[in-house]
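In: with the input below, show me the fold.
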Amino acid sequence: MQQTPNKRAVIVGLFILVGLLFLLMGILSIGNLHSTFTRKVEVTAVFENVNGLQAGNNVLFSGVKVGTVKKMSFYGDSQVLVELKLDEKSQQYIRKDAKVKITTDGLIGNKIIIISGGTQASSQVEDGDALGIENQVSTEEMMATLQENNRNLLAITTDFKNISKKIAEGQGSLGKLVNDEALYKSLDATLASLQRSSAHAEKLTAAVADYGDKLNREGTLANDLVTDTTVFNDVQVSVRQLKQLTATAAEATGNLKTATANLSKASDKLDNKNTPVGVLLNDEQAAANLKGTLKNLESGTEKLDENLRALQDNFLFRKYFKKKKKEADKAAKN
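Out: A predicted model of the protein is given here:
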């Protein structure tokens, strides 16, 4: 069956139309042009240096693309005003106090803008808001810092090379220590002595800790002396009494010394024949006379007793002595 020219033209037109539709869908998918038809929120940010940022670069928030760079223009003396177009659906997540910074997508990728930070206390960003800039180190500054670190590392390496050379040649204290065996042995002996001292110090510390533990142990005398005020007061009273006893003993010792001196003086007087006591002790005749006198007194006393008994038996004095006896017995009874 042979097709007519008109029917063939319609079929070709349909194929062309379908191809154009697929082409348009591919372009929209690859170029993400469908976002052109969504609502945007425009915000701005002022940078000192955009570091090669271009219009159309992506804007990311938490790693997700939320917009693009609309355009850039000079602002003030040397600053750059960057206008950003953000998707309306991401507006609720971005806060007014959020910060923006320019970075690189990967190591050698295009420049992108990162939005970060923001607190829930701040309201969501709105159309026309200006976001703050997060301070960051530029690539040039990083390279300058890296070069400076390389120079410092080179200087350190050179100094270390010179030091190692001197050590190998035996110069300086460290060089002598490495190369002089006698010095090494002396240092080793010193270290051994330090280790022994450290061990002794450790034992002393343990002993002090044990003593402190005993002081803190309840029921011991040391703990009572430290913590119990009653025991401490008793100790103070005992100390005061001991001091008083010491003072009394000292006073008694002084009195004993005085008595000893007096006895010594009395002994001297007893030895002295010119004193009455010395005469009695040293003169035999005087002692004999004194004995005779005492014997006569004793005989006189006996005779006086006999006379008194005789008077008691006499009828003239018998009544008197009975009366005296009754009074004596009554007084003894009372």
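
In: what's the longest helix along the chain packed up against?
Out: Secondary structure of the chain per DSSP state H: the longest helix is helix 229-271. Secondary-structure packing of helix 229-271 (3 or more CB pairs under 8 Å, 6 or more residues apart in numbering; DSSP states H and E): helix 221-227, helix 276-282. In short, each C-beta sits where N, CA and C put it, glycine included.

In: can you flag the weakest of those by average pLDDT?
Out: Among the helices and strands packed on helix 229-271, helix 276-282 carries the lowest mean pLDDT, at a mean of 59.

In: quick one, helices of the stretch 101-250 of the chain?
Out: Taking DSSP state H, counting those that start in this stretch as the criterion, the stretch 101-250 of the chain contains helices spanning 139-168, 172-179, 181-216, 221-227, 229-271.

In: and of the ones you listed, who's closest to K89?
Out: helix 139-168 (33.0 Å; CB to CB).

In: helices or strands up against that closest one?
Out: Counting by 3+ CB pairs under 8 Å, 6+ apart, helix 139-168 packs on helix 172-179.

In: what sits against G67?
Out: 40, 58-59, 84-87, 90 (CB atoms under 8 Å, 6 or more residues apart in numbering).

In: how is the protein divided into domains?
Out: Here the chain is described, according to automatic domain parsing, as comprising the domains 1-37, 40-136, 143-177, 283-316.

In: quick one: mean pLDDT for the last one?
Out: When you say that, I think you mean domain 283-316. 70.

In: over to the longest one?
Out: This predicted structure assigns domain 40-136 an average pLDDT of 88.

In: ok, the third one next?
Out: Confidence over domain 143-177 (mean pLDDT, whole number) is 79.

In: so how far is it off the chain centroid?
Out: Domain 143-177 sits 40 Å away from the centroid of its parent chain (CA atoms, centre = their mean, to the nearest Å).

In: and after the helix or strand harbouring L23, which helix or strand comes next?
Out: Using DSSP states H and E, L23 falls within helix 5-31. Next helix or strand after helix 5-31 toward the C-terminus (DSSP H and E): strand 40-47.

In: who does that next one touch, helix- and strand-wise?
Out: Going by 3+ CB pairs under 8 Å, 6+ apart, strand 40-47 lies up against strand 64-75, strand 79-87, strand 132-133.

In: figure out which of these is closest to I112.
Out: With CB to CB as the yardstick, what comes closest out of those is strand 64-75 (8.7 Å).

In: mind checking how far that closest one is from the chain centre?
Out: On CA atoms, centre = their mean, the centre of strand 64-75 falls 55 Å from that of its chain.

In: please renumber so the chain begins at 33
Out: That works, and once the first residue is 33, the last one we named lands at strand 96-107.

In: how about a markdown table for the contacts of G99, with distance to M174 and neighbour count added?
Out: A markdown table is the format used below for the contacts of G99 (distance: CB to CB, whole Å; neighbours: other CB atoms under 10 Å):
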| residue | distance to M174 | neighbour count |
| --- | --- | --- |
| K72 | 34 | 17 |
| N90 | 22 | 16 |
| V91 | 23 | 25 |
| L116 | 25 | 22 |
| K117 | 30 | 18 |
| L118 | 29 | 22 |
| D119 | 32 | 19 |
| S122 | 30 | 19 |
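
In: and which of those is nearest E201?
Out: N90 (61.9 Å).

In: who touches the closest one in this structure?
Out: Taking CB under 8 Å, 6+ apart as the test, what N90 contacts is 97, 99-101, 137, 142, 144-145.

In: list buried residues within those residues.
Out: 99-101, 144-145 (16 or more other CB atoms under 10 Å).

In: of these, which pair is most distant in space?
Out: Top of the distance list for the buried ones among the contacts of N90 (CB to CB): G99 and I144, 10.8 Å.

In: what do these two both touch?
Out: With CB under 8 Å, 6+ apart as the test, G99 and I144 both reach 90-91.

In: returning to that earlier point: can you pull the buried residues of the helix holding L55?
Out: So for helix 37-63, nothing qualifies as buried (16+ other CB under 10 Å).

In: average pLDDT across it?
Out: For helix 37-63, the per-residue pLDDT averages 76.

In: please compute how far that helix lies from its chain's middle.
Out: That offset, for helix 37-63, works out to 83 Å (CA atoms, centre = their mean).

In: over to stretch 152-166?
Out: Counting by CA atoms, centre = their mean, stretch 152-166 comes out at 46 Å from the chain centroid.

In: so how far does it reach from one end to the other?
Out: 19 Å (CA to CA, to the nearest Å).

In: for that stretch, give me every contacting residue.
Out: Outside stretch 152-166, the residues that touch it by CB under 8 Å, 6+ apart are 73-80, 116, 118, 123-133, 147-149.

In: from the chain's centre, how far out does stretch 87-101 sit?
Out: With CA atoms, centre = their mean, you get 52 Å for stretch 87-101.

In: quick check: end-to-end length of that stretch?
Out: OK, stretch 87-101 end separation, CA to CA: 5 Å.

In: list the contacts for the spatially most central residue of the chain?
Out: For the chain, the residue nearest the mean C-alpha position is A241 (17.6 Å; CA atoms, centre = their mean). Contact analysis of A241 by CB under 8 Å, 6+ apart lists nothing.

In: if I look at it, how far off is K235?
Out: Counting by CB to CB, to the nearest Å, the gap from A241 to K235 is 11 Å.
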